[in-house]
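Trainee: Need coordinates for the following:
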Amino acid sequence: MTYFRIVPTLLLAAGLGAGEATLPLMEARLADGTQLTKHWEASILALVWKDPAMAPLRDKLSEGLDKAEKELGFAPLAVLAAIKDARMVLTGLSKGDQFPIPHLQATVDLGPLATTVLDKMAAAAGKDFERVEVAGAEVAYVPAKATFPVTIARFGTRLALALGEPIGTVPAVAASVSDFHLNADMTAGMKALDEALTPEMAALITSQLDTLKPYLGRITWDSTLLPEGMLDRMNSSAAVPPYLLPIDRAVLARLPAQALMAGGFGFDAPAYWVMLKEQFRAQAAAMAKGGAEVDMVAMMEQQAESAFQEAGLACTLDEVLADLKGTVLMAIAPGAPFPTITIAIPRGPAVDQVVERMLQEVDTAMPAMGEAAIVPIPNVPLPIVIMRDQGHWLLTSDTAFSDQWATGASNGWSDSTAGALAISKAPAQANMIGASDTPAVLRTISSFASLALAMVPSLEPKQKTAIAQALSRLAAKASTGYMVSGATAGGQMSEFRGLLGLGFMPAVIAAIAIPNLLESRTTANESAAAATLKSGIFPAEIQFQAGGYTDVDQDNIGEYGFLPELAGGRNVGPDASIKLSLLSPQFAEPDAEVNGYRFTIFLADGMDGAVGDQAEPLPAEGTDQRERSFIAYAWPVDDSTGHRMFALDVHGMIYAAPWNGQDPEWNSLYAGGTWDDQPGGLWLPYRK
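Mentor: Residues are numbered from 1 along each chain as shown. All right, here's what the predicted structure looks like:
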């Protein structure tokens, strides 16, 4: 399975390539491995990584790479270095059974490694890959099981991937100096999505996204590794959303000069609420499906007004939102024992009422204009100061800064190294300006690193020391970072520079989230399988037996049944004329597969054994046992859909055991025993 995680990722990372007459929905390109390597070698990250103090970490990585090479059959870093002319195009979307099918072409030249990579993929996939003929290709494969067309092929030293359509030519993308380039027509993408979704999905999704269409347009994203770190630039042809306002730079200048990280953005709460109301109304209309539509907006507004009245407030929701229009600020500055946090929001009479009511809850008097008050917050061992001036409410854990803020004058942030850099990069109509004093941030983090590393048992002492030293060396060599965005003559722009960049954050999030999401899906599948046995199959069997739908010995005592009989897949009764629906039609086939699990039922055969589902009439032998006993199992389709198998017998108790990759035998629950035995072996009562 590793091949399906790594190699397709390399292909997909190749980007989305441009068309000639008509641009595709998306196009992107990854720089050649030689450029990527060159930029890495010149970066601060490589400089620190090569430091002799990093040897324990390099050794640890080398162990992992060696292990990966043995498993894959090739060196992952060698593949990255070999990349040439990597690009990808998304030309459209078409309707699928449930979700849209992407029409995508990707290609990458890996030199001599192309043969090794694809051969190893095919060998690892085994029966999951079927070889096919593709014109001009030395070799090509398709997955044996796929919900839409997928083809991967090799043309000499070039690998090609196609989704939703046959392998074709991937148009060239204009040369770019960036390491990664993306160009996407979001407006066309929304239109294609509208046309490709099923009516039910379209009603739920596109109705809510319609409010965003005016702010989509065509976007470009360029990401490059510089000596200082990662630089990301994004441009859009769409207008700036109305809820983003030009930032007040005079207010921005009031941030503390010594801030580790600071910035602000212009925000129009009333405009944002208007957009949200449109989305809520679209969602309500989609959910109504021709029935009575619930006015969700009116309900929320009524609930807000009721809450205001109960709190004794004389203001309305609209009045509070109207006050929240202006520049919002945030700063993190050095402090002891922890860095301080400062937040400033626009204020007005209605917001003042809300703040005063909140202060009453903690027995704190409303501070006068320009004055400060200490807010006691339970379980927070730091003093929190609140104050107001003509334009803002300030909440800070930096007691000294509140005095500086009260003067209304600049506090030097705009003239600091970090602040001045950010302001110099911002467009005239900037709606967001922020900066990070990265060296100071790293020095601050270093002071807490030893405590955090001490709680990581998987790292050896020398590796922990290396990490601490890496932070120290980065702090000595790092440059300041910044992020800015705002309106331009052609739409809007954003620019970010930092040690790791925007591309790093999605990677970190994916590295953390994807395994957790997969595990969450596995857990959900397991819970669903156990619930199906307990709340679905068990009561269905009780009803089936009580109804006497099968009575082979005609003693007026019913016998238990198989899944197809319970779900209407096979008629029952004396003349086989009754079609039941005690279970969902999903269970109408033997060994039903539902939510990543297979299900089956065993009944006694009269010879101290059991039979699984069969279309032929059951023998007269065993009828008495079939009147008293049945056993149902649920087990994963594969190791990606579940880790446990479940069983239930006539007593109604759910048991679970680790799945060993094999279908359960009829008496697995009884550790290989008979119908009269008790559950045993690895089977334990199920607990979520």
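Trainee: where does this protein dip in pLDDT?
Mentor: Scanning the chain for pLDDT under 70 picks out the ranges 1-23, 170-176, 200-209, 283-294, 379-381, 501-521, 615, 688.
Trainee: Longest strand in it, please.
Mentor: In the chain, assigned by DSSP state E, the strand with the most residues is strand 84-94.
Trainee: start to end distance for stretch 352-370?
Mentor: End-to-end distance for stretch 352-370, by Cα to Cα, to the nearest Å: 13 Å.
Trainee: Could you tell me which residues within it count as buried?
Mentor: 352-355, 359, 364, 367 (16 or more other Cβ atoms under 10 Å). The way it works is simple: take the backbone N, C-alpha and C, and place the C-beta from them, glycine included.
Trainee: do the same with stretch 631-649
Mentor: Neighbour-count burial for stretch 631-649 [16+ other Cβ under 10 Å]: 631-636, 641-642, 644-649.
Trainee: repeat for stretch 26-35
Mentor: Across stretch 26-35, burial judged by 16+ other Cβ under 10 Å covers 26-33, 35.
Trainee: Tell me which two in these are the farthest apart.
Mentor: M26 and G33 (22.6 Å; Cβ to Cβ).
Trainee: For P149, which residues are in contact?
Mentor: The contact partners of P149, by Cβ atoms under 8 Å, 6 or more residues apart in numbering, come to 101, 142, 162-166.
Trainee: between these, which is closest to M483?
Mentor: The closest of the contacts of P149, once distances to M483 are taken by Cβ to Cβ, is L163, at 33.8 Å.
Trainee: which SS state does the residue lying closest to the closest one once chain neighbours are set aside fall under?
Mentor: Excluding its sequence neighbours, the residue lying closest to L163 (Cβ to Cβ, 6 or more residues apart in numbering) is L104, at 4.3 Å. Recorded secondary structure, L104: strand (DSSP: H, G, I helix; E, B strand; the rest coil).
Trainee: Please apply the same query to the one 4 residues further on.
Mentor: For V108, the secondary structure call by three-state DSSP comes out as strand.
Trainee: ok, the residue lying closest to it once chain neighbours are set aside to W40 distance?
Mentor: Nearest residue to V108, sequence neighbours excluded (Cβ to Cβ, 6+ apart): A86, at 4.0 Å. Distance, A86 to W40, by Cβ to Cβ, to the nearest Å: 16 Å.
Trainee: likewise D415?
Mentor: With distances taken as Cβ to Cβ, D415 is found 34 Å from W40.
Trainee: Repeat that for A144.
Mentor: 38 Å.
Trainee: Hmm, V650 is touching R626, no?
Mentor: No. Here V650 does not reach R626: they are 10.5 Å apart, not a contact under Cβ atoms under 8 Å.
Trainee: how's this protein carved up into domains?
Mentor: According to automatic domain parsing, the chain comprises the domains 2-32+83-204, 239-437+480-499, 518-685.
Trainee: where do the helices sit along the stretch 51-200 of the chain?
Mentor: 55-72, 76-82, 113-125, 186-196, 199-209 (DSSP state H, counting those that start in this stretch).
Trainee: Please identify which of those is closest to A250.
Mentor: The nearest among the helices of the stretch 51-200 of the chain, by Cβ to Cβ, is helix 186-196 at 34.4 Å.
Trainee: relative to strand 84-94, how tilted is that closest one?
Mentor: Here helix 186-196 runs at an angle of 50 degrees relative to strand 84-94 (axes from the mean of the first three to the mean of the last three Cα atoms, to 10 degrees).
Trainee: on contacts alone, who are the packing partners of helix 186-196?
Mentor: strand 84-94, helix 199-209, strand 218-226 (3 or more Cβ pairs under 8 Å, 6 or more residues apart in numbering; DSSP states H and E).
Trainee: and if we set it to 10 Å?
Mentor: strand 26-30, strand 84-94, strand 101-109, helix 199-209, strand 218-226 (3 or more Cβ pairs under 10 Å, 6 or more residues apart in numbering; DSSP states H and E).
Trainee: helix or strand right after the first one?
Mentor: Next helix or strand after strand 26-30 toward the C-terminus (DSSP states H and E): helix 33-41.
Trainee: mind listing the strands for the stretch 151-300 of the chain?
Mentor: 158-163, 180-185, 218-226, 229-236, 244-245, 261-268 (DSSP state E, counting those that start in this stretch).
Trainee: chain center to the third one: distance?
Mentor: Relative to the chain's own centre, strand 218-226 is displaced by 22 Å; criterion: Cα atoms, centre = their mean, to the nearest Å.
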